[in-house]
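S.K.: below is the sequence, then the predicted model.
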Amino acid sequence: MECKNLINGKFTDSHTGKVFESRNPADKNEIIGTAPQSDETDVNTAVDAALNAYEQWRNTSRIKRGEFLDEFAQLVKQNREELAILMSNECGKGINESRADVTEGIHMAQYVFGTARMPYGDVVASEIAEKDSFMRRKPKGVATAITPWNFPFAIPLWLICPSVLEGNTIILKPSSETPCVAYKMSEYFNKAGFPPGVINVVYGDGKTCGNVLVKDQRINVALFVGSASVGASIKKLSAEHYDRMCACEMGGKNAVIILEDANMDIALNAAITSAYKTTGQRCTSASRMIVHEKMIDEFTEGFVSLSKKINIGSPLNEDVFMGPLINDAAVKKFEFYNQLAKKEGANVLLEGERLTDNKYKKGHFVSPFVYKMNHNQESRVLNEEVFAPHVAIIPVKDLEEAIAVYNSTPYGLSCSVITEDYRKAKEIRDRCEYGLGYVNLPTIGAEVHLPFGGVKKSGTGLPSASTLIDVVTHRTAWTINYGEEIKMAQGLKSEV
């Protein structure tokens, strides 16, 4: 597949003529496609297109803008299996997960389309009977979305759909690991009839493409999902622009909390799903199992036993639970943190490693690394995001310690508690620091009509998905006087 930038409604190569390859992480010898290596000139052209399209797009009926998203969703529905297969080949997710990713993207477009006919402002009473007051929303302008490889379809749509519905135009810079999925998505946008310049897509690395977008003073909204280090850089650069809104979702050190009254079947199912779906490469993946000491032996035995049985292999195999890591750098990072856990005193229960047998030798496959370790505030492996099947089992003596251990990391994205006690669940709900909370469920599995975003190092609490409207619009107050004289609120006199 030869991917091309989408700029001003046309598919074009980079002016540099350079391309980069996208390879199958399950078979690194297989080239899925190529994409343009865009630079500042290409980015500037895309921003120009978005800026030129903005006035006409914002003046288009909100309902009409929503209808473009409905048309897009209908096109994707017709091609969802083709898109899912491409996704599994390009990013290594199991085919079931890729189908779910496509479905989530469809749901996002459908949800936003549905809100096009819903109220999006408020009528507010005034102190003065002769006045009516309104709160209305206006679009911000030109937005950019910089998105990760692990949800190459759904996450871009979290950011694009609300942005364009509200009258903004946008430039997407997808991950260099998954340009082909982004290219197919851009084809559907074009076929759906979006006017030229409303949605633009440019490919390239962070330095020559992403940074240029973020530094461009014409960008009014910067949207990002990815690592904490990159997100921090984007926020810092965005702070230099006085009229820019910036929303970054930046990963987590998530945990499943298993309390003493937990249903063990649910606990183990939730833990395995949280730890190993997408091979531990979700921002909501759980790399910590915080377990009450009364349950520690039973849970540990069950978790290790199930971890040994995880079916690892080709993402296109319906029975495979865990595919490869995304690239060699991810494997090396996994190996580094495994060794670091040993240095920090971990009791290794399952020795995870790079898999090199015949069926695995062409890809970036690893097996789960599981260890038991007492909480240590200074431990790097208990505080840093590994983004791999690297799991710590941490014993705690009671609910208070469980909450303290959960809150001890710099992150605050996803939290799950396994308990039959609704009072304990409420304590977790109210006192743990997270953006996504679950009871008797995994830490993964967010739905599009709910907010998605974290606190602390995970983000500023500005969520993606359904509630992105608060980022891509600004509220305005509009007050009308129907009287024949001016009367002011707060008793202020207006006589001259």
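M.R.: Looks like it came in fine. Residues are numbered from 1 along each chain as shown.
S.K.: what number of residues lie near N376?
M.R.: Residues lying near N376 (other CB atoms under 10 Å) number 15. Glycine gets a C-beta too; all of them are placed from N, C-alpha and C.
S.K.: typo on my end, it should be L492
M.R.: 8.
S.K.: for N89, same thing?
M.R.: The criterion is other CB under 10 Å. On that basis, N89 has 25 neighbouring residues.
S.K.: next: T356.
M.R.: T356 has 10 neighbours, counted by other CB under 10 Å.
S.K.: what comes up buried for stretch 47-61?
M.R.: The neighbour-count check on stretch 47-61 (16 or more other CB atoms under 10 Å) flags 47-51, 53-54, 57-58 as buried.
S.K.: taking those residues one by one, which sit in helices?
M.R.: Among the buried residues of stretch 47-61, the residues falling in helices (DSSP state H) are 47-51, 53-54, 57-58.
S.K.: switch these over to TSV; also include distance to G121.
M.R.: TSV is the format used below for those (distance: CB to CB, whole Å):
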residue	distance to G121
V47	29
D48	31
A49	29
A50	25
L51	26
A53	24
Y54	21
W57	19
R58	15
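S.K.: mind putting these in JSON lines, pLDDT included?
M.R.: Shown next, in JSON lines, are those (pLDDT from 0 to 100):
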{"residue": "V47", "pLDDT": "98"}
{"residue": "D48", "pLDDT": "98"}
{"residue": "A49", "pLDDT": "98"}
{"residue": "A50", "pLDDT": "98"}
{"residue": "L51", "pLDDT": "98"}
{"residue": "A53", "pLDDT": "98"}
{"residue": "Y54", "pLDDT": "98"}
{"residue": "W57", "pLDDT": "98"}
{"residue": "R58", "pLDDT": "97"}
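S.K.: quick one: list the elements packing against the helix-or-strand element of the chain with minimal mean pLDDT.
M.R.: Sorted by mean pLDDT, DSSP states H and E, the helices and strands of the chain end with strand 464-465, the least confident at a mean of 71. Packing contacts for strand 464-465, counted by 3 or more CB pairs under 8 Å, 6 or more residues apart in numbering; DSSP states H and E, involve helix 154-165, strand 451-452.
S.K.: in contact with A143, which residues?
M.R.: Residues counted as contacts of A143 (CB atoms under 8 Å, 6 or more residues apart in numbering) are 159, 163, 168-171, 219-223, 472.
S.K.: same deal with V102?
M.R.: With the criterion set at CB under 8 Å, 6+ apart, V102 makes contact with 76, 80, 83-84, 87, 153-154.
S.K.: where does pLDDT dip in the chain?
M.R.: Low-confidence segments of the chain (pLDDT under 70): 463.
S.K.: what ranges does it have for its helices?
M.R.: Ranges of helices in the chain, per DSSP H, are 40-58, 62-78, 80-91, 95-115, 154-165, 179-191, 211-215, 228-238, 264-276, 296-308, 328-343, 399-407, 422-431, 469-472.
S.K.: single out the most deeply packed of these.
M.R.: Ranked by mean neighbour count, the helices of the chain are led by helix 154-165 with a mean of 27 (mean count of other CB atoms under 10 Å).
S.K.: next one: it to chain centre, how far?
M.R.: What separates the centre of helix 154-165 from the centre of its chain is 11 Å, taken as CA atoms, centre = their mean, to the nearest Å.
S.K.: same for it, what does it pack against?
M.R.: Counting by 3+ CB pairs under 8 Å, 6+ apart, helix 154-165 packs on helix 62-78, helix 95-115, strand 142-146, strand 169-173, helix 179-191, strand 221-225, strand 464-465, helix 469-472.
S.K.: got the angle between it and helix 40-58?
M.R.: 50 degrees (axes from the mean of the first three to the mean of the last three CA atoms, to 10 degrees).
S.K.: tell me the spacing between F189 and T169.
M.R.: Counting by CB to CB, to the nearest Å, the separation of F189 from T169 is 12 Å.
S.K.: could you do Y434 as well?
M.R.: 33 Å.
S.K.: looking at these two now, which is surrounded by more residues?
M.R.: Higher neighbour count among Y434 and T169: T169, with 28 against 25, using other CB under 10 Å.
S.K.: now do the contacts for the closest residue in space to the more buried one that isn't next to it in sequence.
M.R.: Residue nearest to T169 in three dimensions, not counting chain neighbours: A50, with 4.0 Å by CB to CB, 6 or more residues apart in numbering. Taking CB under 8 Å, 6+ apart, we find A50 in contact with 142, 169-171, 197-198, 200.
S.K.: likewise for V455?
M.R.: Going by CB under 8 Å, 6+ apart, V455 touches 412-413, 433-435, 461.
S.K.: go on, G204?
M.R.: With contact taken as CB under 8 Å, 6+ apart, G204 is in contact with 14, 36-39, 42-43, 173, 176, 210.
S.K.: ok, those residues vs F369, which is closest?
M.R.: S176 (27.0 Å; CB to CB).
S.K.: I figured that closest one hits T208, correct?
M.R.: No - the criterion here is CB atoms under 8 Å, and S176 misses it with T208 at 10.6 Å.
S.K.: okay if I get the helices and strands packed on strand 464-465 as a markdown table plus distance to V124?
M.R.: Shown next, in a markdown table, are the helices and strands packed on strand 464-465 (distance: least, CB to CB, whole Å):
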| stretch | distance to V124 |
| --- | --- |
| helix 154-165 | 23 |
| strand 451-452 | 24 |
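S.K.: for these, which one sits closest to E495?
M.R.: helix 154-165 (45.7 Å).
S.K.: quick one: residues in contact with that closest one.
M.R.: Identification of contacts with helix 154-165 by CB under 8 Å, 6+ apart yields 57, 62, 65-66, 68-69, 101-102, 104-105, 108-109, 111-113, 115-116, 143, 145, 147-148, 170, 172, 174, 182, 185, 194, 198-199, 221, 223, 225, 448, 452, 464-466, 468-469, 472.
S.K.: show me the domain layout of the protein.
M.R.: The chain breaks down into these domains under automatic domain parsing: 5-250+459-478, 254-439.
S.K.: quick one: closest of those to A489.
M.R.: Checking the domains of the chain against A489 by CB to CB gives domain 5-250+459-478 as the closest, at 4.4 Å.
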